[in-house]
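Peer 1: Provide a 3D model corresponding to the input given below.
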Amino acid sequence: MQIGLVSDSPADIPPALVARYNIQIIPAILILDGKEYIDGKDISREEFYNRLPNLRQPPRTAAPSPADYAACYQTLLNAGANHVLSLHTSEKLTSIPNIARL
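Peer 2: Numbers count the residues shown, from 1 in each chain. All right, here's what the predicted structure looks like:
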């Protein structure tokens with residue numbers, strides 16, 4: 001049985017584990033002073049933390065779309081996964097798990 005693994009970028013899974021287990025990471029959207037950035041693509045963790053003290057407003061996040069998760073899950077299934085295990089940041093902290101369920 002082959003299992004596809006998925007998580008979200010706020011889960012902060014170490015890169016070595018992402019590579020070792022071929023975990024697919026769906027990036028959250030970071031909103032900094034009204035501008036949106038795709039976590040890990042448009043802005044790195046280092047850049048985020050460097051900018052944090054100078055932000056005029058507290059940073060916010062937005063969840064990826066259900067279509068982003070559906071496309072990732074389908075890609076894993078098409079590649080031979082029999083099941084997909086999707087692990088996320090707590091739903092007490094973010095809406096991401098609910099979006100992934102959709």
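Peer 1: per-residue pLDDT, the residue lying closest to residue 68 once chain neighbours are set aside?
Peer 2: Using CB to CB, 6 or more residues apart in numbering and skipping residues adjacent in sequence, the residue nearest residue 68 is residue 26, 5.6 Å away. Just so you know, the C-beta spots here come from the backbone N, C-alpha and C atoms, and that holds for glycine as well. Note on residue 26: pLDDT of 95.
Peer 1: And residue 26, how far from residue 54?
Peer 2: Computed with CB to CB, to the nearest Å, the distance linking residue 26 and residue 54 is 28 Å.
Peer 1: Next, residue 93: phi, psi?
Peer 2: Backbone torsions for residue 93, taken as degrees, to the nearest 10, come to phi -110, psi -20.
Peer 1: separation between the closest residue to it other than its chain neighbours and residue 30?
Peer 2: Ranked by CB to CB, 6+ apart and with sequence neighbours excluded, the top spatial neighbour of residue 93 is residue 10, at 7.8 Å. Between residue 10 and residue 30 the computed distance is 9 Å (CB to CB).
Peer 1: Between the two, tell me which one has more neighbours.
Peer 2: More crowded of residue 10 and residue 30, by other CB atoms under 10 Å: residue 30, with 21 against 18.
Peer 1: so the more buried one, which of the three states?
Peer 2: strand (DSSP: H, G, I helix; E, B strand; the rest coil).
Peer 1: before we move on, what about residue 20?
Peer 2: helix.
Peer 1: which parts of stretch 55-74 are buried?
Peer 2: 61, 63-64, 69, 72-73 (16 or more other CB atoms under 10 Å).
Peer 1: sorry, back to before: surely the residue nearest to residue 68 is in contact with residue 63?
Peer 2: No - using CB atoms under 8 Å, residue 26 makes no contact with residue 63, being 9.2 Å away.
Peer 1: Export the longest helix along the chain to PDB, keeping only CA atoms.
Peer 2: Secondary structure of the chain per DSSP state H: the longest helix is helix 66-78. Provided in PDB are the C-alpha atoms of helix 66-78 (Å, rounded to 0.1, in the frame of the first residue of the first chain):
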ATOM      1  CA  PRO A  66     -10.200  23.600  -1.400                       C
ATOM      2  CA  ALA A  67      -9.200  23.200  -5.100                       C
ATOM      3  CA  ASP A  68      -5.600  23.400  -4.100                       C
ATOM      4  CA  TYR A  69      -6.000  20.500  -1.800                       C
ATOM      5  CA  ALA A  70      -8.100  18.500  -4.200                       C
ATOM      6  CA  ALA A  71      -5.500  19.000  -7.000                       C
ATOM      7  CA  CYS A  72      -2.700  17.800  -4.600                       C
ATOM      8  CA  TYR A  73      -4.700  14.800  -3.500                       C
ATOM      9  CA  GLN A  74      -5.600  13.900  -7.100                       C
ATOM     10  CA  THR A  75      -1.900  14.200  -8.200                       C
ATOM     11  CA  LEU A  76      -0.900  11.800  -5.400                       C
ATOM     12  CA  LEU A  77      -3.600   9.300  -6.300                       C
ATOM     13  CA  ASN A  78      -2.700   9.500 -10.000                       C
END
